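**Q** have a look; sequence and predicted model below, questions after that.
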Amino acid sequence: MTPDTSPGPKEIVEEFLRIVMIPDPVGARAFTSPELRIRFTGGRPMRDPSETSAFNAGRYRWVKKRFEQTDLVAGATDEEATVYNIGTLYGEWLDGTPFEGNRYVDRYVVKQGKIVKMDVWNDSAEWMLVRAGLAVF
C-alpha cells in the first residue's frame, strides 16, 4: 500500500483484528464507526471494542487469532462492503492451559472505511463444556 492509497475493507478488518487482539481496544476504535453494533459469541450485544476485550479477559488468560482467509463478499462498493474473516483461536484458558485450533468466523460490514457491524462466532463455549465434563468431543 502506498501513502496515497486508502486501505480497502479487507485491510481495515485485518488491521482492526490485529490491534484489538493485542488487546488495544482504544487503538481499535480508529477502525470503527460511532454507530458500531457488535453481536459477540452467544448473541451478546456490544457497542465498543473495549467490551469484547473485557469479555475475552473473563474467558481467556490471553487469546489471538490465526487468520486463514479474509473474504470480500461479491457486490462490495466503496460505500459498503461485507467482509468475512475465518481462522482459529489460540491462547490460554484462565487456568493457564494452552489451546489452539478453536475455529472462528467473523462477519463485518464496512461503510465509508469504518466498521459499523461485527458478528463473532467461535467454538469456545463447546470447548468449555468439554473441559467441564458436560459434553464429549
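**A** Everything's here; your move. Numbers count the residues shown, from 1 in each chain.
**Q** hey, C-alpha coordinates of the worst-scoring helix or strand of the chain on mean pLDDT in CSV?
**A** In the chain, no helix or strand scores lower on mean pLDDT, DSSP states H and E than helix 124-131, which sits at a mean of 94. In CSV, the C-alpha atoms belonging to helix 124-131 read as follows (Å, rounded to 0.1, in the frame of the first residue of the first chain):
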residue,chain,number,x,y,z
SER,A,124,-15.1,-21.7,22.8
ALA,A,125,-18.3,-22.5,24.5
GLU,A,126,-18.3,-26.0,23.2
TRP,A,127,-14.7,-26.4,24.3
MET,A,128,-15.5,-25.1,27.7
LEU,A,129,-18.4,-27.6,28.0
VAL,A,130,-15.9,-30.4,27.2
ARG,A,131,-13.4,-29.1,29.8
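**Q** who are the packing partners of it?
**A** Packing partners of helix 124-131 (3 or more CB pairs under 8 Å, 6 or more residues apart in numbering; DSSP states H and E): strand 98-111. C-beta coordinates here come from the backbone N, C-alpha and C atoms, glycine included.
**Q** about what we covered before: tell me the buried residues in the least confident helix or strand of the chain?
**A** Neighbour-count burial for helix 124-131, counted by 16 or more other CB atoms under 10 Å, picks out 124, 127.
**Q** stretch 72-87 too?
**A** 81-85, 87.
**Q** point out where the protein drops to low pLDDT.
**A** 1-4 (pLDDT under 70).
**Q** could you point out which element follows the biggest helix by length in it?
**A** As assigned by DSSP state H, the longest helix anywhere in the chain is helix 9-20. Next in sequence after helix 9-20, counting helices and strands by DSSP states H and E, comes helix 25-28.
**Q** contacts for that following helix?
**A** Here helix 25-28 makes contact (CB atoms under 8 Å, 6 or more residues apart in numbering) with 16, 19-20, 48-50, 52-53.
**Q** try it again at 6 Å.
**A** Contact partners of helix 25-28, identified using CB atoms under 6 Å, 6 or more residues apart in numbering, comprise 16, 19-20, 49-50, 53.
**Q** looking at these, which is nearest Arg103?
**A** Each of the contacts of helix 25-28 was scored against Arg103 by CB to CB, and Val20 proved nearest at 18.5 Å.
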